[in-house]
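> What follows is a predicted structure for the sequence shown.
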Amino acid sequence: MNNFIHPAIFFIFGALLIPLIPGKLKKIYLLLIPLLAFYTVLTMKTGVYAHFKYLEFDIVLGRVDTLSIVFAHVFTLMSFIGVLFGIHVDEDAQHIASYFYVGGSLGVVFAGDYLTVFIFWEMMALASTFLIWFRREPASLRAGQRYLLMHIFGGLLLLAGIFLHYKNTGNLAFELIPQDGAGIAEYLILAGFALNAAVFPLHAWLPDAYPEATVTGAVFMCAFTTKTAVYVLARAFPGFEVLAIMGTAMTIYGVCYATIENDMRRILAYHIISQVGYMVAGVGIGTELAVNGACAHAYAHILYKALLFMGAGSVLMMTGTSKLNRLGGIYKYMPLTMIFYVVGGISISGFPLFSGFVSKSMIVAAAGEHHRPILMMLLLLASVGTFLSVGLKLAYFAFFGKDCGIKPKEPPKNMLWAMGITSFLCFLIGVYPKVLYDLLPYKEVAAEYHPYNLAHLSETIQLLLFTGVGFFWLLKRLQPEAKINLDFDWFYRNIMAGFMWFDEKIIQFFDNVWGNVYKTVGIKVLMMSIARFLAGFDRWAIDGVVDNVAYGTRWIGDKARRIQTGNLQNYLALAILIIFVIVGVRWFL
Amino acid sequence: MNFAEPIQYLRDNLKAVKIVMWICIAGALAFDIYIKVFPAHHAEHGEIHSFADKLFIWAETVPCFWSVFGLICCILLIRVMKGLSHTVLMRKEDYYE
């Protein structure tokens, strides 16, 4: 265990100390912990640490390799940005929840066995639920409950898969699973992971819950849950065909809904599905370039999606609404927020010089190299939708468009700083992709990839410019409407409602019937019994006491005569039986 | 510094901004035609596996293909999804309550 400190330790134990630290020191402490964790990730050497046996299981808490480092790197960096963005929040519990959440995802990233993965997996699910509940709106409470139920369901799929996998193979090592050897156990694990990655059709929890989270909580949530899932998929399931197809479907599905939604944060949430789709597709294609692309895109995506959620959250916090139909023209009052949001918007759309350009193109290129032209075309279609919905529609209707009459102020300084730092990082990765490419798992492949070539530049600029033309052409048709759109959450909302109905109507009905039966029949029977008992008591007890003293004496005498068989075994058995009865009676009373 | 001023300036001169954008578009198209007509190097496509591969390689050589692709995709997305939303998916905001 030479000089490996698990960065999750800082967060999990650090969270417990938060309530004890007074006043201003607390803010410094909150920022210091992510920096310490980030430093330990920077100085980490590859290897297997914290490996021990527990109840016959091989537990590995610290498996450090290039794949885990890239995710730990961005997670700790993001935790610093997230904490800075939320440092003005005075409620300790919110900070504690986000610390546990980050700690959970770091635990998963360094886990070398399925048990550890599962434990940290559940820690993430639980901690993130509190980030929704702390908004304290009735809608948030309900959305958080649905979110938790979905994640418990996903966790159960994962656990079932782990048990079956253990039964089949006899070990719990969290390693690459070859597609040929995958049976029902492996696909159950895959489904558990896929639920967290919001793979269609297990995705509906994401746009259901994220828009209801606290402003600062949503910034954490958009970074950790789905990207941890991308990590575990990249670890165990690269090259699974089903992921390539489902991932591509997700990219399209997400932008389709993002085009028609009205709530800013719901648009961004749908857009996470689309972006995670790129990563899932990259993992599914499974070549070295594609897995590199998935990691690079996860890294870049965490930063710009957090930036977008920070921008949208700032607007929500300062104006009190995140509905596009009620916003418009606030660029005059929140110009910095707008600029940072637009940086996020053009990063996610893959503008040259910004981070999306150097990460997304890697996955698209991998699809091309792997002779998947249809996947490649669909991925490009999704990138058109990205710019349309997040880069143009949301920015236009929130910050420009017709004036809504609200005159908000800029958000607090710490929020602006967090957005500014993230904007800078998006730009830095875009102009100097080497900082990102040097972190990737297959460094040689990454070094050979050059995003800035003429054909790619020309392709991207054309796509973006003509998306813009199409947007302004059909601007009237895109007017935001104060409506919601049905999605797969319709099913589980109705299943839950059906369950409640079943509980309230059917089970309650039987309960009532039983109650009535008990009341009417039971009481009658009881009354009858009492009457009979009293009559019997009179006949048997009162008369009986008198008569039966005589009968009883004769009966006991008769029995006692029979017990005395003279057989020692019988005497012993009887004695032991009596002891048992006495001990038993004593035990239960 | 008031960051809103430069944005306001651009909005006040919307016509000029539009002209600049159209010039950019024309420039992008010209640039694409240039690199397709005088390719610096032929892209290596490796083995051609399927009809889709062939179609894709053909598409890559057509000048301004991605402009048309981008525009069509954008229009389709808006029209199809707005249509689907209005006919099937859309509900009142308090639908679930």
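That came through, no problem. Predicted model, so just to flag it, every value in this text is computed and none were measured.

> Averaging pLDDT per element, find the lowest-scoring helix or strand in the chain.
You didn't pick a chain, so chain A it is. When the helices and strands of chain A are scored by mean pLDDT, DSSP states H and E, helix A:543-563 comes last with a mean of 71.

> you looked at the wrong chain, it should be chain B
Least confident helix or strand of chain B, by mean pLDDT, DSSP H and E, is helix B:51-61 with a mean of 76.

> which strands and helices sit next to that one?
For helix B:51-61, the elements it packs on are helix A:373-386, judged by 3 or more CB pairs under 8 Å, 6 or more residues apart in numbering or on different chains; DSSP states H and E. All C-beta spots, glycine's among them, are computed from the backbone N, C-alpha and C.

> next SSE after the helix it packs on?
helix A:395-399 (DSSP states H and E).

> what about that following helix, average pLDDT?
Average pLDDT, helix A:395-399: 91.

> Which strands and helices lie in contact with that helix?
Counting contacts by 3+ CB pairs under 8 Å, 6+ apart, helix A:395-399 packs against helix A:335-348.

> what is the mean pLDDT for the helix it packs on?
Helix A:335-348 shows a mean pLDDT of 92.

> for whichever residue of chain B sits closest to chain A, what are its contacts?
Proximity of chain B to chain A (CB to the nearest CB) peaks at residue B:74, 3.1 Å away. Contacts for residue B:74 (CB atoms under 8 Å, 6 or more residues apart in numbering or on different chains) come out as A:384, A:385, A:388, A:466, A:467, A:469, A:470, A:471, A:474.

> And the furthest pair within these?
Greatest spatial distance in these: A:385 and A:469, 14.9 Å, computed using CB to CB.

> more neighbours, these two?
Between residue A:385 and residue A:469, counted using other CB atoms under 10 Å in any protein chain shown, residue A:385 has the larger neighbour count: 28 against 18.

> contacting residues for the residue nearest to residue A:375 when sequence neighbours are not counted?
For residue A:375, ignoring the flanking residues on the chain, the nearest one in space by CB to CB, 6 or more residues apart in numbering or on different chains is residue A:367 at 4.6 Å. By CB under 8 Å, 6+ apart, the residues touching residue A:367 are A:281, A:285, A:290, A:373, A:375, A:376, A:379.

> In those, which residue is surrounded by the most others?
That'd be residue A:281 among the contacts of residue A:367, by other CB under 10 Å, with 32 neighbours.

> tell me the SS of the residue positioned nearest the centre of chain B?
A centroid search over chain B (CA atoms, centre = their mean) returns residue B:70, at 3.3 Å, as the residue closest to the centre. Secondary structure, DSSP: H, G, I helix; E, B strand; the rest coil: residue B:70 is helix.

> same question, residue A:201
With three-state DSSP as the basis, residue A:201 sits in coil.

> okay but it is in contact with residue A:487, surely?
No. Under the criterion of CB atoms under 8 Å, residue A:201 is not in contact with residue A:487, lying 9.5 Å apart.

> Nearest residue to residue A:61 in space, please, no chain neighbours.
Of all residues not flanking residue A:61 in the chain, residue A:50 sits nearest, at 3.8 Å (CB to CB, 6+ apart).

> Please say which of residue A:201 and residue A:487 ends up with more neighbours.
More neighbours surround residue A:487 than the other of residue A:201 and residue A:487, with 20 against 12 (other CB under 10 Å).

> if I pick the more buried one, what's in contact with it?
For residue A:487, the contacting residues are A:204, A:207, A:208, A:257, B:89, by CB under 8 Å, 6+ apart.

> My read is that the residue nearest to the centre of chain B contacts residue A:459, right?
No. Taking contacts as CB under 8 Å, residue B:70 lies outside contact range of residue A:459: 9.3 Å.

> just to revisit the earlier point, next SSE downstream of the least confident helix or strand of chain A?
Counting by DSSP H and E, the next helix or strand C-terminal to helix A:543-563 is helix A:568-588.

> starting at the chain centroid, how far to that following helix?
Offset of helix A:568-588 from its chain centre (CA atoms, centre = their mean, to the nearest Å): 59 Å.

> Quick check: buried residues in that helix?
Neighbour-count burial for helix A:568-588 flags no residue at all (criterion: 16 or more other CB atoms under 10 Å in any protein chain shown).

> Residue A:164: helix or strand, and which one exactly?
Assessed by DSSP H and E, residue A:164 sits inside helix A:138-169.

> For the helix ranked longest in chain B, name the packing helices and strands.
Longest helix of chain B, by residue count under DSSP state H: helix B:14-37. Helix B:14-37 sits against helix A:454-473, helix B:65-84, with contacts defined as 3+ CB pairs under 8 Å, 6+ apart.

> Flag every buried residue along that helix.
Under 16+ other CB under 10 Å, the buried positions of helix B:14-37 are B:25, B:28, B:29, B:32, B:36.

> Check chain A for the residue nearest chain B and tell me.
residue A:470 (3.1 Å).

> Leaving out chain neighbours, which residue sits closest to that residue?
residue B:74 (3.1 Å).

> Next one, pLDDT for that neighbour please.
Looking at residue B:74, its pLDDT reads 92.

> again with residue A:425
93.

> Tell me which other helices or strands the helix or strand harbouring residue A:305 touches.
Using DSSP H and E, residue A:305 maps to helix A:288-319. With contacts taken as 3+ CB pairs under 8 Å, 6+ apart, helix A:288-319 sits against helix A:66-85, helix A:215-236, helix A:264-285, helix A:335-348, helix A:355-369, helix A:413-431, helix A:434-437, helix A:443-448.
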